[in-house]
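Novice: Starting from these lines, generate the structure:
(chains A and B)
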2 protein chains.
Amino acid sequence: MQNLDERSVTAAVLDQMAQTRDKRLREVMASLVRHLHDLAREVKLTPQEWLSAIAFLTRTGQACTPSRQEFILLSDVLGLSALVNLVHDGSGVEQKTESSLLGPFYRQNAPAMGLGDTIAKKAGGAELLVYGRVTDTRGTSLPRATVQVWQTDAEGQYDLQKYRGEAMDMRGNFSCDDEGRFYFRTVRPLGYLIPMDGPVGRLVAAQNRHGYRPAHIHFLIGAQGHRELVTALYLADDAHIDSDTVFGVSKALVVTPRDDDPQAPLKGMPAIRYDFRLGGAAGEGSGRVGADPSQIAPALAGE
Amino acid sequence: MQNLDERSVTAAVLDQMAQTRDKRLREVMASLVRHLHDLAREVKLTPQEWLSAIAFLTRTGQACTPSRQEFILLSDVLGLSALVNLVHDGSGVEQKTESSLLGPFYRQNAPAMGLGDTIAKKAGGAELLVYGRVTDTRGTSLPRATVQVWQTDAEGQYDLQKYRGEAMDMRGNFSCDDEGRFYFRTVRPLGYLIPMDGPVGRLVAAQNRHGYRPAHIHFLIGAQGHRELVTALYLADDAHIDSDTVFGVSKALVVTPRDDDPQAPLKGMPAIRYDFRLGGAAGEGSGRVGADPSQIAPALAGE
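Specialist: This next block holds a predicted model:
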């Protein structure tokens, strides 16, 4: 019989997992066990700290509802979501638009809208026009590309927070015209404080972090034969543009609305122009680092 | 503005966490972020795998109840609980009894019993006597030491599983006599299959592991001025004695009941004799790698 010690226990665990039929599951779990054990040895994790971690994870799981995904939020504030996104993004070599995080507030089945409509059906605030084109990596238009958008309102709240899943606002699904063009109206989003009333928010507070994401508009763009693009545009003048709590900002995605853009398809309000380049092939999978919170448990229940 | 890539995102996260006021929280979280990011880079974790992990953790959290701790079970099957226990155990240098896992089935407030009582109030099975002495590391008796015991019944079930928290059986709290001696009756425990109906059980099945713990009796022993001892005795003839799913067995804790032990304080049944040596000092903390599941959330809610 083996007498396990601090080192040999890791080998014993890997040995027991070696018969995993799914090769990829075996590989990922082996790496997880090695890193988890290294972590515990490195910091000499005490029983009391271990118990605090168990309790933290339990509270995090129990804070999840169909309109709130606390584990995605945890992944976000630890920079894991951004990293998975960067690893995925780096798997192509083309000149496509950079991706960003889907975040915990995406919803399937947002209302379909016509070009020029406003997504601010209930919320007020400073009006803004967003327009541009969806193309492939060579700049060729992608007619009828779908553009899903969602954002906080002028007070920094998502509808999922404000209406707890009972109403939608500040989101809409558009279809580009025959030349791949889209335009829609909205109100200027406000920088957004991640939910601070749950276990993850309390961790961020204990870490002395401000907890804000700079103001941004989310995009999920699809076109036949191309890899779905998950990205966001960030407003340059936000005070937290350099210190996003979830590490989603990159230079190429920072925009400044223009007051007198002669190209803007609608006048009388500041306009943001952004052209999105889709790369890859449809078969590569969506690459959404995130999901509609209400879909997460049921979608995977059959595993 | 920083443009994050697969490497620099880790530094950005550590930088944001650098202002954590609690030095130990800063240290543990920094190590966690480094290992978590290394893991994601090492295996090139895909968005779909990441989402499966989010869903797995969510289901694990939602499977927790006052009578079930699925995150402790996860920690157990990944060998983390055993490792934390070994790290903690190794922090003393004395000849004390080896510790083992508390597991997810400990309960506070088990019934107080008199020496010689049986803990099998409802369950049937082959009777067994357990007796011994509680001493310090020099073998000096510890009068009135408290001995808490709990185990599965002859069918391999804990009361928490069988009665879902609504009744207690197969557990009891004893007080040693003036010479540190204890003895109690029980029935022979059966090897125990971890709960396979939850997310952790399904993981273990996917890993092609049998999911069994060898038959054992848990002990939590305390005496004034000594570090609390959390341990268990394992029955030598169990088929899974060499492949415990949660890595809790060590040679020194394996026992074989004797049919005709002349020293046994009660006759007519097989007897296990084991003397426990308590080390350390009371101030070191309990070192329980585990807790009563009903106490985990409320006990730490004030964090």
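Novice: pull the longest helix from chain A.
Specialist: Taking DSSP state H as the criterion, chain A has its longest helix at helix A:23-43.
Novice: which residues in the stretch 151-300 of chain A form helices?
Specialist: Assigned by DSSP state H, counting those that start in this stretch, the helices in the stretch 151-300 of chain A fall at A:159-162, A:199-206, A:293-300.
Novice: same check, this time on the stretch 1-150 of chain A
Specialist: Going by DSSP H, counting those that start in this stretch, the stretch 1-150 of chain A shows helices at A:8-17, A:23-43, A:47-62, A:70-77, A:80-89.
Novice: Mean pLDDT and distance to chain B for those helices - can I get that in JSON lines?
Specialist: Heads up, the C-betas are built off the backbone N, CA and C, glycines and all. Compiled in JSON lines, those are given as follows (pLDDT from 0 to 100; distance: least, CB to the nearest CB, whole Å):
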{"stretch": "helix A:8-17", "mean pLDDT": "95", "distance to chain B": "4"}
{"stretch": "helix A:23-43", "mean pLDDT": "98", "distance to chain B": "4"}
{"stretch": "helix A:47-62", "mean pLDDT": "95", "distance to chain B": "1"}
{"stretch": "helix A:70-77", "mean pLDDT": "95", "distance to chain B": "5"}
{"stretch": "helix A:80-89", "mean pLDDT": "91", "distance to chain B": "5"}
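Novice: Would you convert those helices into TSV that also reports mean neighbour count?
Specialist: As requested, these are arranged in TSV below (neighbours: other CB atoms under 10 Å in any protein chain shown):
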stretch	mean neighbour count
helix A:8-17	19
helix A:23-43	18
helix A:47-62	21
helix A:70-77	25
helix A:80-89	25
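Novice: Relative to residue B:3, which of the ones you listed is closest?
Specialist: helix A:80-89 (10.6 Å; CB to CB).
Novice: which strands and helices sit next to that closest one?
Specialist: Packed against helix A:80-89, as judged by 3 or more CB pairs under 8 Å, 6 or more residues apart in numbering or on different chains; DSSP states H and E, are the following elements: helix A:70-77, helix B:8-17, helix B:23-43, helix B:47-62.
Novice: Quick one: closest of these to residue A:15.
Specialist: Of all the helices and strands packed on helix A:80-89, helix B:23-43 comes closest under CB to CB, at 19.3 Å.
Novice: what is the orientation angle of the closest one with helix A:47-62?
Specialist: 60 degrees (axes from the mean of the first three to the mean of the last three CA atoms, to 10 degrees).
Novice: so how far is helix B:23-43 from its chain's centroid?
Specialist: Helix B:23-43 has its average C-alpha position 25 Å from the chain's average C-alpha position, going by CA atoms, centre = their mean, to the nearest Å.
Novice: One more: stretch A:214-231?
Specialist: 10 Å.
Novice: Pull out the buried positions in it.
Specialist: Across stretch A:214-231, burial judged by 16 or more other CB atoms under 10 Å in any protein chain shown covers A:214-223, A:226-231.
Novice: Can you tell me which of those residues end up in strands?
Specialist: The strands, defined by DSSP state E, take in A:216-222, A:229-231 from the buried residues of stretch A:214-231.
Novice: For residue A:137, state which of these is nearest.
Specialist: residue A:229 (11.2 Å).
Novice: Is that closest one bridged to anything, and to what?
Specialist: residue A:221 (DSSP bridges).
Novice: Next, find the distance separating residue A:65 from chain B.
Specialist: 10 Å (CB to the nearest CB, to the nearest Å).
Novice: Just to check, that residue is in contact with residue A:293?
Specialist: Yes: using CB atoms under 8 Å, residue A:65 is in contact with residue A:293, at 7.3 Å.
Novice: Just want to know which of the two has more residues nearby.
Specialist: Neighbour tally, residue A:65 and residue A:293, criterion other CB atoms under 10 Å in any protein chain shown: the higher count belongs to residue A:293, 24 against 14.
Novice: quick revisit: quick one: list the elements packing against the longest helix of chain A.
Specialist: helix A:8-17, helix B:23-43, helix B:80-89.
Novice: what residues are up against residue A:66?
Specialist: A:165, A:293-294 (CB atoms under 8 Å, 6 or more residues apart in numbering or on different chains).
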